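Enquirer: Let me see the structure of the following:
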Amino acid sequence: MQQANREEKEQIKGGECIAARQKGHTRIVLIRHCEAEGNKNRVFQGHTDAQVSENGKKQLELLALRCRNMPFEALYSSPLRRAMETAQAVNRYHNLPMQICEGLIEINGGVWEGKPWDSFASLYPELTDQWYHEPWLFAPDQGEPMRHVYDRMRRAVCEIVKANQGKLICAVSHGCAIRNFLCWASGRPVERLNEVDWCDNTALSVVDFDESLRPAIVLGNDASHLNQEVSTFAKQDWWKPENRVRH
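Expert: All right, here's what the predicted structure looks like:
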């Protein structure tokens with residue numbers, strides 16, 4: 001997997017050189033939506049169209065400033081409210097048409113939708129074990145299998161890139177969806193999904209595609225625009241790698 005050096009990463013984090021890439025390459029900036037009520041209250045959101053939280057609105061202000069000087073040429077969003085409001089914040093200084101892409105939507109949790117995370121171990125012990133320890137096997141009743149999310153996100157992002165070759169693109173999606181895409185973009189099969197970190201709300205990941213649609217991750221899961229007061233992850237610990245290990 002190609003990696004940017006430290007200086008390049010720092011420039012990209014600050015918005016400098018965000019458009020700089022090899023001739024013929026396409027760059028996509030994937031952004032996770034801002035904090036919604038389900039993130040704050042630890043309820044499984046998935047396809048549930050949750051309201052943006054007050055803290056999420058603060059995150060959007062910081063994200064809009066971070067993206068102000070990024071010369072995006074195309075903007076895509078998941079159809080869910082929390083993603084579209086995030087895309088609108090990205091677009092504050094750009095005035096691009098926002099294109100809705102169903103393929104960027106979050107995993108459908110089926111029977112998990114709208115339920116508190118702390119209830120799953122007792123209600124669905126096998127599914128819960130799979131989610132944390134073998135997520136590629138996760139396939140909830142009335143929902144979407146994890147393997148399908150992996151393939152769906154690959155197809156969706158590659159289709160967006162094909163339609164915008166040579167451009168700088170922004171696409172707003174969701175935590176589980178972006179994690180699956182980064183798994184594929186790093187050359188890993190879905191069975192190695194647990195090697196990929198989760199991203200904080202409004203975190204950015206930058207991926208370059210060459211003319212043959214081969215991806216290279218330039219920056220992954222960066223939320224350096226958030227301070228500890230507004231970071232969702234600063235207040236939670238479920239996302240830490242040690243919590244993905246079976247004891």
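Enquirer: Please identify the helix or strand for the residue of the chain most remote from its centre.
Expert: Largest separation from the mean C-alpha position in the chain: Ser122, at 28.4 Å (Cα atoms, centre = their mean). Under the criterion of DSSP states H and E, Ser122 resides in helix 120-123.
Enquirer: residue ranges for the helices of the chain, please.
Expert: 6-13, 37-41, 54-67, 81-90, 120-123, 125-133, 146-163, 175-185 (DSSP state H).
Enquirer: Now tabulate those in TSV and tack on mean pLDDT and distance to Ser231.
Expert: All C-beta atoms are positioned from the backbone trio N, CA, C, and that covers glycine. Below are the helices of the chain laid out as TSV (pLDDT from 0 to 100; distance: least, Cβ to Cβ, whole Å):
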stretch	mean pLDDT	distance to Ser231
helix 6-13	51	15
helix 37-41	96	11
helix 54-67	98	8
helix 81-90	98	15
helix 120-123	96	24
helix 125-133	96	22
helix 146-163	98	24
helix 175-185	98	14
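Enquirer: which one of those helices lies closest to His25?
Expert: Closest to His25 of the helices of the chain, according to Cβ to Cβ: helix 146-163, at 9.9 Å.
Enquirer: angle of that closest one against helix 125-133?
Expert: Per axes from the mean of the first three to the mean of the last three Cα atoms, to 10 degrees, the angle that helix 146-163 makes with helix 125-133 is 40 degrees.
Enquirer: Identify each buried residue in helix 146-163, please.
Expert: Neighbour counts using 16 or more other Cβ atoms under 10 Å place Met146, Arg147, Val149, Tyr150, Arg152, Met153, Arg154, Ala156, Val157, Cys158, Ile160, Val161 of helix 146-163 among the buried residues.
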